[in-house]
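>>> Provide a 3D model corresponding to the input given below.
(one chain, ligands or ions: 1)
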Amino acid sequence: MKKIIFVCLGNICRSPMAEFVMKDLISKEKFKLEITSAGTSGEHDGEFMHYKSQDKLEKAGIKTQGFVSKKLTQKLCDESAYIIVMDDSNLKYVLRNFQRIEHKVLKMTDFAKELGYDEVPDPWYSGNFDETYHIVLTACKNLLKTLKKEFNSP
Ligand code: 4NP
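Residues are numbered from 1 along each chain as shown. Prediction:
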């Protein structure tokens, strides 16, 4: 099964949100795709997601069980068809630290161009989990359409 991975800095706010939104969207489709997420820092390895990301997801009816924060590795990069980063610093980090990925790194905001953001704002700093959720949801919906076409799914 094809796998995609969402990447942010801490893997507790943005990329877990994207992982679980995408899992929820995919669960309503015949289309099968493995979805995961990771952080570039590894600082929160082994932790659950930020309680405010969990809150946004649960309020939207999206289950969050089973999440464990992890650091991005070369193995995860090798296994993934696409690596979807939240901001320019994630992009810079992955390009500097991992091999064989240039052709498969994408920016999350490229799938939500209509919203006019160049990066997904980090709610760890902005405190605005609503704004981040709105961008993540919009991008995931468009990303799903793109992946369905790409992987030739009905
Ligand atoms: P995330 O947000 O990259 O969206 O998970 C952050 C979470 C934690 C930290 C920074 C950003 N931190 O510095 O611990």
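
>>> Please, where are all the helices along the chain?
Ranges of helices in the chain, per DSSP state H, are 14-27, 51-59, 74-79, 88-97, 123-126, 129-150.

>>> mind listing what residue 147 touches?
The neighbours of residue 147, taking C-beta atoms under 8 Å, 6 or more residues apart in numbering as the test, are 2, 4, 31, 33, 82, 153. All C-beta atoms are positioned from the backbone trio N, CA, C, and that covers glycine.

>>> List the contacts of the residue nearest to the fifth one when sequence neighbours are not counted.
Spatial nearest neighbour of residue 82, excluding adjacent residues (C-beta to C-beta, 6 or more residues apart in numbering): residue 4 at 4.6 Å. Residue 4 is in contact with 22, 33-36, 80-84, 147, counting by C-beta under 8 Å, 6+ apart.

>>> per-residue confidence for residue 4?
pLDDT, residue 4: 98.

>>> wait, what's in contact with residue 58?
residue 64.

>>> how much space is there between it and residue 113?
Here the distance between residue 58 and residue 113 works out to 29 Å (C-beta to C-beta, to the nearest Å).

>>> how much space between whatever residue of the chain ends up closest to the ligand and residue 102?
In the chain, the residue that lies nearest the ligand is residue 10 (2.6 Å; C-beta to the nearest ligand atom). Per C-beta to C-beta, residue 10 is found 24 Å from residue 102.
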